[in-house]
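1. give me a 3D structure for the following:
(one chain, ligands or ions: 1)
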Amino acid sequence: MKTVGVIGAGQMGAGIAQVSAQAGYRVLLSDVDQARAEKGKAGIAKLLTRAVEREKITADDRDAALGRIECVGGVEAMADCDLVIEAATEKEAIKRQIFENVGRVLSDTAILASNTSSIPITRLAQASPDPARFMGVHFFNPVPVMGLIELIRGLATANATVDVVEAFGRSLGKEIVHANDAPGFIVNRVLLPMLNEACFALGEGVATIRDIDTAVKLGLNHPMGPLTLADFIGLDTCLDICRVLFEGTGDPKFRPAPLLVKYVEAGWVGKKCGRGFYDWTGPEPVPTR
Ligand code: 3HC
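-> Numbering: from 1, shown residues only. The predicted structure follows:
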């Protein structure tokens, strides 16, 4: 495998492009237009420059990795790719449209994979050119730091597809786990009930934002508190995953917390927009209640 296409240059797509380029792959990074793809690449350049300053990599490593990332405006340029990873917004209709568009140019041997955090892979595969060459490849944020990839096969995914994507994931230095195509796969099935419960606790006045986060961070030795992590993931994404878990299982334990719904309705979706449970616009996050 030589060339990897990444569709979506947001935080996940840019992270996937970065680690792929650092592992030596040629990367085609696309978004809805060239400017957004370039913005994603500029973010990668910033992170790699910080790594140079901290003496984690050399300036030559940074320049070589950046030189391997080519920004493209649309998916038409993906004809050359051996593997295309979709990391667009977590909306099924948008992902389906992308698969149909990229399917028109993809080679007969190329693999198409989705970084979806919770949409069923077997259903998404129906919009791909060949469900045997389609699967889920779920990275974690921040991609350069997190050591895991979950692989999810759909009903029609071929063994050869899984083998190729597993070898690719290992070549990035990530640990691989295999999950069935069940709502939330493994990590989000376990994580989202905790984040959602923190929203219930806040909504019911159990404690303040700062105390809920401090309690979990220090009491359970987690790297960040659940409300910080929810802001970091995006409250809209958290809500989408809760809904997939709730609708996919029918189990009321997954019902979204009313406060989470309200924050998303208010447009306070976390770090990416400057406000969620915290105000992220200053040098340090400040709890909003
Ligand atoms: N991109 C790249 N590197 C980053 C980064 C980012 N966005 N944020 C931090 N880092 C790097 C730093 O450069 C630093 O690297 P160094 O040790 O080589 O210098 C290292 O991570 C540690 O960073 P900091 O010292 O600044 O801060 P922390 O020690 O607090 O670590 C954290 C930051 C790694 C983000 C840590 O808080 C953490 O692990 N948080 C939990 C993250 C998590 O749970 N992610 C999973 C979310 S769920 C998901 O993604 C699934 C989806 O489907 C919802």
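2. from here on, contacts and neighbour counts on C-alpha atoms
-> Fine.
3. and stretch 165-178, how far apart are its ends?
-> For stretch 165-178, the first and last residues are 11 Å from each other (CA to CA, to the nearest Å).
4. swap in stretch 215-230?
-> Using CA to CA, one end of stretch 215-230 lies 15 Å from the other.
5. hmm, that stretch touching the ligand?
-> Yes - Stretch 215-230 lies within reach of the ligand by CA under 6 Å from any ligand atom, at 223-224.
6. how far away from the center of its chain is that stretch?
-> For stretch 215-230, the separation from the chain centroid amounts to 20 Å (computed by CA atoms, centre = their mean, to the nearest Å).
7. in it, what's buried?
-> By 16 or more other CA atoms under 10 Å, the buried positions in stretch 215-230 come out as 215-216, 225-230.
8. before we move on, what about stretch 268-277?
-> Neighbour-count burial for stretch 268-277 flags 268-271, 274-277 (criterion: 16+ other CA under 10 Å).
9. can you redo those as CSV with distance to the ligand, pLDDT and secondary structure?
-> Formatted as CSV, the buried residues of stretch 268-277 follow (distance: CA to the nearest ligand atom, whole Å; pLDDT from 0 to 100; DSSP: H, G, I helix; E, B strand; the rest coil):
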residue, distance to the ligand, pLDDT, secondary structure
Trp268, 17, 98, coil
Val269, 13, 97, coil
Gly270, 13, 97, strand
Lys271, 11, 96, helix
Gly274, 15, 98, coil
Arg275, 17, 98, strand
Gly276, 15, 98, coil
Phe277, 16, 98, coil
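10. biggest separation within the residues you listed, which pair?
-> Gly274 and Phe277 (10.0 Å; CA to CA).
11. now the common contact residues for these two.
-> Counting by CA atoms under 8 Å, 6 or more residues apart in numbering, the residues touching both Gly274 and Phe277 are Trp268.
12. run the chain-centre distance for stretch 92-108.
-> How far stretch 92-108 lies from its chain's middle: 18 Å, per CA atoms, centre = their mean.
13. would you mark the buried spots in it?
-> Residues 95-96, 98-99, 101-103, 105-107 are the ones in stretch 92-108 that count as buried (16+ other CA under 10 Å).
14. low-confidence ranges in the stretch 151-289 of the chain?
-> For the stretch 151-289 of the chain, no stretch has pLDDT under 70.
15. next to the ligand, which bits of the stretch 151-289 of the chain? Give me the list.
-> Counting by CA under 6 Å from any ligand atom, the stretch 151-289 of the chain sits next to the ligand at 223-224, 233.
16. do that again at 8 Å, thanks
-> Residues of the stretch 151-289 of the chain lying close to the ligand by CA under 8 Å from any ligand atom are 187-188, 191, 222-224, 229, 232-233, 237-238, 241.
17. among those, which are in helices?
-> Those of these mapping onto helices are 187-188, 191, 229, 232-233, 237-238, 241, per DSSP state H.
18. look up how far the ligand lies from Arg153.
-> According to CA to the nearest ligand atom, to the nearest Å, Arg153 and the ligand sit 16 Å apart.
19. and that residue, what is it in contact with?
-> Neighbouring residues of Arg153 by CA under 8 Å, 6+ apart: 121-122, 134-136, 162, 179-181.
20. burial of Ala237, as a residue count?
-> Ala isn't right for residue 237; it's Thr. Neighbour count of Thr237, defined by other CA atoms under 10 Å: 20.
21. er, Met146 actually
-> Met146: 12 surrounding residues under other CA under 10 Å.
22. now Tyr263: which helix or strand?
-> If you go by DSSP states H and E, Tyr263 is part of helix 258-265.
23. and the helix or strand following that helix, what other elements does it pack with?
-> Per DSSP H and E, the first helix or strand lying C-terminal to helix 258-265 is strand 278-279. Judged by 3 or more CA pairs under 8 Å, 6 or more residues apart in numbering; DSSP states H and E, strand 278-279 is in contact with strand 286-287.
24. note down every partner strand of the strand it packs on and its orientation.
-> Sheet pairing here is set by DSSP bridges, and for strand 286-287 it gives strand 278-279 (antiparallel).
25. which residues touch the strand it pairs with?
-> Outside strand 278-279, the residues that touch it by CA under 8 Å, 6+ apart are 228, 231, 270-271, 285-288.
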